[in-house]
Each structure stands twice: as C-alpha cells, then as structure tokens.
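Chemist: Quick one, fold the following:
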Amino acid sequence: MNQRGIVIAVCTSERKGMPKEDVSRGLLVKEHGLEGDVHAGNWHRQVSLLSMSSINKIKEQGLEIENGDFAENLTVDGLDVWTLPVGTRLTVGREALLEVTQIGKECHARCAIFYRAGDCVMPREGIFARVLESGPVAAGDELVVL
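Modeler: Model (predicted):
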C-alpha cells in the first residue's frame, strides 16, 4: 500500500530567508516550482516540503509556529517526508507529480526563521523536489508516494 499524507498548507514568499505566507492554494509548474515563490526556477530545489511531525517538535518547545514559518512550500501531515529517499516520486492532488531531489540542506547563515523560532528543522527534516508534471495544489489535497 502506498504511503499517503495530506497537504495542510501551501506557502509562498517573495524573498529568500524569510517565513512564507500560507496562501491555501497554488499551481505547481513543471520544471519550475510553485508559481509565485522566490525559490521556483530551473534547479533541483523547486519545491520544499516539511512534515507536521517536524514542526510539532519545535512547538513542543513552547514556540508558536505558523505554517510556512520554516519557509516550506508544502506543509504535510500524515507522512514523515524526511524518510523518503532521493528519487522518490509522489503525486500531489490529481495532476502534479514531484520527484525528491534532496533531503535537508546546509544553512550557511542564521536566517529570520532561526531567530524567530530559535531552531530550524528544515536543514534536518525538510525535503526538496522538482516538479515533473504541473498541477494545482491546495490545502486538503492528498499526497501519495508512488
């Protein structure tokens, strides 16, 4: 049986290193990323995903965290995305297809997210993907590991 999760939030920002705003829905564009997001482009980190289980680790420290505060494009519940190996493909909604390209990242400088939250789980548990097939994405959409 395929692993499944639910998109809890769809988040974008106009500047790098800043928390993203939950916009509820968006368009995943083939070989580009989430339309309107600063990180979209022709590279391997077009879309970022972070699990609620990761966010909850920070919330348990008593910090108030909103969806998008770790600069994730898609906040996902019910699936620990950091466990997915590079090369994993997953559908989002009815049309979009993503391929995991990187797990975690190296942060060279403390960003606004770190200063606000006191920690950042994105370097450890966030994942990145490229968009193989375009499609709309919205909170409530199912995410299925193929």
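Chemist: Can you give me the distance of the spatially most central residue of the chain to Gly62?
Modeler: Centroid-nearest residue in the chain: Leu49, 1.9 Å away (criterion: C-alpha atoms, centre = their mean). Between Leu49 and Gly62 the computed distance is 25 Å (C-beta to C-beta, to the nearest Å). C-beta: built from backbone N, CA, C; applies to glycine.
Chemist: With Ser134 instead?
Modeler: 40 Å.
Chemist: now the helices for this protein?
Modeler: Using DSSP state H, the helices assigned to the chain run over residues 52-59, 112-117, 122-125.
Chemist: any idea of the mean pLDDT for the longest one?
Modeler: With pLDDT averaged residue by residue, helix 52-59 scores 87.
Chemist: Neighbour count: Ser134 and Gly62, which is higher?
Modeler: Using other C-beta atoms under 10 Å as the criterion, Ser134 and Gly62 rank with Ser134 on top: 15 against 7.
Chemist: close enough to count as contact, that one and Arg94?
Modeler: No. Ser134 lies out of contact with Arg94 (C-beta atoms under 8 Å); the separation is 11.5 Å.
Chemist: By mean pLDDT, flag the weakest helix or strand of this protein.
Modeler: helix 112-117 (a mean of 62; mean pLDDT, DSSP states H and E).
Chemist: Grab the nearest non-local neighbour of Val131.
Modeler: In this structure, Val131 finds its nearest non-sequential neighbour in Leu28, 4.9 Å apart by C-beta to C-beta, 6 or more residues apart in numbering.
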